[in-house]
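Colleague: The sequence isn't on hand, but the structure is:
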C-alpha cells in the first residue's frame with residue numbers, strides 16, 4: 001500500500017482518496033481533498049496558508065531539521081527479499097517512532113517554556129510601568145500642566 005503526500009498541505013493521501021492533477025509537462029500533483037486542490041489552482045502559497053505543514057514549519061511551530069526525518073524519504077532501490085532484513089527494519093521503525101515522539105515532546109516543551117518566559121517578561125514590564133507611571137508624560141497631560149501653570153501664574157500676578 002503506497003501512501004502519498006499531499007502536494008499542498010503535506011498530509012497523507014491514502015489509496016482511493018484525494019485528487020490527482022497532471023500538468024501538461026507530466027508533473028503529477030496529488031491532493032488529499034478538494035480544499036487543497038482549489039487552493040493550488042488559486043496559486044496560493046502553502047507557506048502563507050495557516051493550516052498547512054509548510055506554514056507551521058516556516059513559523060517554527062513544528063520541527064524542521066531532525067535526523068529522524070531522513071528515514072521518511074522514499075528510496076527507489078529494489079532490494080532482494082531477506083527475512084532478517086525485514087525484521088530489523090520493522091524493529092528500527094518502532095524505535096524511530098519512539099525517538100521521534102520524544103523529540104517532538106521536548107520541542108513542544110521548549111516552545112511552551114519560551115512562551116511562558118515572554119508572558120513573565122510582559123508581566124514584569126507591566127508592573128514597571130505601573131510603578132513608574134509618573135515618569136511617563138502624555139501630550140495631553142503636558143498641555144493640562146501648562147494650562148494650570150498659566151492659570152496659577154495669572155492668579156499670582158493678580159494678587160500682587
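Modeller: That came through, no problem. The model shown is predicted, which means the values in this text are computed figures rather than measured ones.

Colleague: drop to CA atoms for contacts and neighbour counts, all remaining ones
Modeller: Noted.

Colleague: so residue 36 touches residue 5, yeah?
Modeller: No: using Cα atoms under 8 Å, residue 36 makes no contact with residue 5, being 11.8 Å away.

Colleague: neighbour count winner among those two?
Modeller: residue 36 (22 against 16; other Cα atoms under 10 Å).

Colleague: In contact with the more buried one, which residues?
Modeller: 8, 9 (Cα atoms under 8 Å, 6 or more residues apart in numbering).

Colleague: can you give me the helices for the chain?
Modeller: Applying DSSP state H to the chain gives helices spanning 34-41, 53-58, 83-131, 139-159.

Colleague: Can you say which of those is nearest to residue 21?
Modeller: helix 34-41 (8.3 Å; Cα to Cα).

Colleague: any idea which of the helices of the chain scores lowest on pLDDT?
Modeller: Ranked by mean pLDDT, the helices of the chain end with helix 139-159 at the bottom, a mean of 69.

Colleague: re the thing from before, for the helices of the chain, state which one has the densest average packing.
Modeller: helix 53-58 (a mean of 17; mean count of other Cα atoms under 10 Å).

Colleague: what sits up against that helix?
Modeller: Against helix 53-58 from outside (Cα under 8 Å, 6+ apart): 9, 10, 11, 46, 47, 48, 49, 50, 62, 63, 64.

Colleague: How far off centre is it?
Modeller: Centroid separation for helix 53-58 versus its chain: 6 Å, with Cα atoms, centre = their mean, to the nearest Å.

Colleague: likewise stretch 99-115?
Modeller: Put simply, stretch 99-115 sits 13 Å off its chain's centre (Cα atoms, centre = their mean).

Colleague: again with stretch 77-84
Modeller: So, by Cα atoms, centre = their mean, the centroid of stretch 77-84 is 39 Å from its chain's centroid.

Colleague: If anything else comes up later, I'll come back, but that's it for now.
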